[in-house]
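Chemist: Fold the following for me, if possible:
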Amino acid sequence: MKKANMIKKNEDTETVFIPKESKHDDALYIAVNGRRMLVKKGEYVALPKPFAAVVKASFAAKAQAERYIDSVCAEG
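Modeler: The predicted model follows:
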């Protein structure tokens, strides 16, 4: 059985930091085009570029959602 978090040889990687949201929030499961990884939170980790792009997009979407919620709550 193949390990889920293997990085292929000569694959471009990018280092990202995924913060913990609580004390027991230790890992993040990421899947891209049939490949999957379980990534440790609270540390800098090297990920293949497609996985790093998914993480960055997730952070951007979360920030945008928080801005929208703040703007709606400020109107009331």
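
Chemist: residue closest to the middle of this structure?
Modeler: Most central in the chain under C-alpha atoms, centre = their mean is residue 55, positioned 3.0 Å from the mean C-alpha point.

Chemist: Just the buried positions in whichever strand or helix holds that one, please.
Modeler: Using DSSP states H and E, the element containing residue 55 is helix 49-75. Applying a neighbour-count criterion of 16 or more other C-beta atoms under 10 Å, one finds 51, 52, 55 buried in helix 49-75. Yep, even glycine has a C-beta here, placed from its N, CA and C like the rest.

Chemist: Closest one to residue 25 out of those residues, please.
Modeler: Of all those, residue 25 sits closest to residue 55, with 14.6 Å by C-beta to C-beta.

Chemist: which residues sit in contact with the closest one?
Modeler: The contact partners of residue 55, by C-beta atoms under 8 Å, 6 or more residues apart in numbering, come to 16, 18, 28, 30, 39, 47.

Chemist: Give the residue spans of the protein that score low on pLDDT.
Modeler: Residues of the chain that meet the criterion pLDDT under 70 lie in 1-6, 76.

Chemist: Now residue 56: closest residue in space that isn't a chain neighbour?
Modeler: Closest residue in space to residue 56, ignoring its immediate chain neighbours: residue 16 at 7.2 Å, by C-beta to C-beta, 6 or more residues apart in numbering.

Chemist: phi, psi of that neighbour?
Modeler: Recorded main-chain torsions at residue 16 are phi -130, psi 160, according to degrees, to the nearest 10.

Chemist: and it, how many neighbours?
Modeler: A count of nearby residues for residue 16, using other C-beta atoms under 10 Å, gives 17.

Chemist: Looks like it contacts residue 47 (just checking).
Modeler: Yes. Counting by C-beta atoms under 8 Å, residue 47 is a contact partner of residue 16 at 5.9 Å.
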